[in-house]
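# the sequence isn't on hand, but the structure is:
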């Protein structure tokens, strides 16, 4: 099974993609299951799941902004609202989900030992943030590989797509045919990663979109 485990929709503050089109594009590009992981929100994932109609499997996810960096909650049932990393990871596990550290060492330069030990995995390849241009296999850049080995973390890959052109750029491949099987294989670390780095222009475009939205819909004082 080929999965893309990190993607956004218009439910994120820095993305305008339609959830229904996201699943159509991902399916056309050979993805079997896609995780929708909007920033601090899961309604985009629910919308995508309804639109998929069984043509592609949709994992309900959320990218949770915590004090220890962004944590992906995968296989969720309810939205998680906390910036405390331990509380967020506990809430993910209470729902039977997996807690994956997104793009390690980008927002924060280190990870607290207690947080690292609570995680299930980390992104070995993120198409937007990884320092390597492409990846085929299981070994990510040395610092992430060392971190994952030290804390016995599974490795995943995600496109972190905010634009349609970014979808399916990163893939996590597992020996599974159902989402339950896929979750268990990820938990066990039975993953193979594949991907191509996204253009840096996409990060700039997301920042511009975020700024435009802030001007149109400013935060209440």
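Received the coordinates, thanks. Keep in mind it's a predicted model, so treat the numbers as computed, not measured.
# can we go C-alpha only for contacts and neighbour counts from here?
OK.
# wait, residue 65 sits on residue 73?
No: with contact defined as CA atoms under 8 Å, residue 65 and residue 73 do not form a contacting pair (10.8 Å).
# what sits up against the longest strand seen in the chain?
Once the chain is assigned using DSSP state E, the strand that runs over the most residues is strand 57-66. Taking CA atoms under 8 Å, 6 or more residues apart in numbering as the criterion, the residues outside strand 57-66 that touch it are 32-42, 45-46, 48-49, 52, 70-77, 79-85, 88, 102, 179.
# which among these count as buried?
Buried members of the contacts of strand 57-66, scored by 16 or more other CA atoms under 10 Å, are 32-42, 45-46, 48-49, 52, 70-77, 79-80, 82-83, 85, 88, 102, 179.
# in strands only, show me these.
The strands, defined by DSSP E, take in 33, 34, 35, 36, 70, 71, 72, 73, 74 from the buried ones among the contacts of strand 57-66.
# what residues are recorded as beta-bridge partners of the last one?
Just to be clear, that refers to residue 74. With DSSP bridges as the criterion, the beta-bridge partners of residue 74 are residue 61, residue 98.
# could you measure from it over to residue 185?
From residue 74 across to residue 185, the span is 13 Å (CA to CA, to the nearest Å).
# quick one, helices of the chain?
Residue ranges of the helices in the chain, as given by DSSP state H, are 19-28, 43-52, 85-94, 113-118, 142-150, 179-188, 201-216.
# any chance of the ones you listed in CSV, plus distance to residue 133 and mean pLDDT?
Listed next are the helices of the chain as CSV, based on distance: least, CA to CA, whole Å; pLDDT from 0 to 100:
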stretch, distance to residue 133, mean pLDDT
helix 19-28, 21, 98
helix 43-52, 28, 97
helix 85-94, 29, 98
helix 113-118, 26, 98
helix 142-150, 14, 95
helix 179-188, 24, 98
helix 201-216, 15, 70
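# make a markdown table out of those and add distance to residue 195.
Converted to a markdown table, the helices of the chain look like this (distance: least, CA to CA, whole Å):
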| stretch | distance to residue 195 |
| --- | --- |
| helix 19-28 | 14 |
| helix 43-52 | 22 |
| helix 85-94 | 26 |
| helix 113-118 | 24 |
| helix 142-150 | 16 |
| helix 179-188 | 17 |
| helix 201-216 | 16 |
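# select, out of the ones you listed, the one closest to residue 164.
helix 19-28 (6.9 Å; CA to CA).
# relative to strand 57-66, how tilted is that closest one?
An angle of 120 degrees separates the directions of helix 19-28 and strand 57-66 when computed by axes from the mean of the first three to the mean of the last three CA atoms, to 10 degrees.
# for helix 19-28, the distance to its chain's centre please.
Centroid displacement of helix 19-28 relative to its chain, using CA atoms, centre = their mean, to the nearest Å, is 16 Å.
# what's the answer for stretch 164-176, then?
The offset between the C-alpha centroid of stretch 164-176 and the centroid of the whole chain comes to 11 Å, using CA atoms, centre = their mean.
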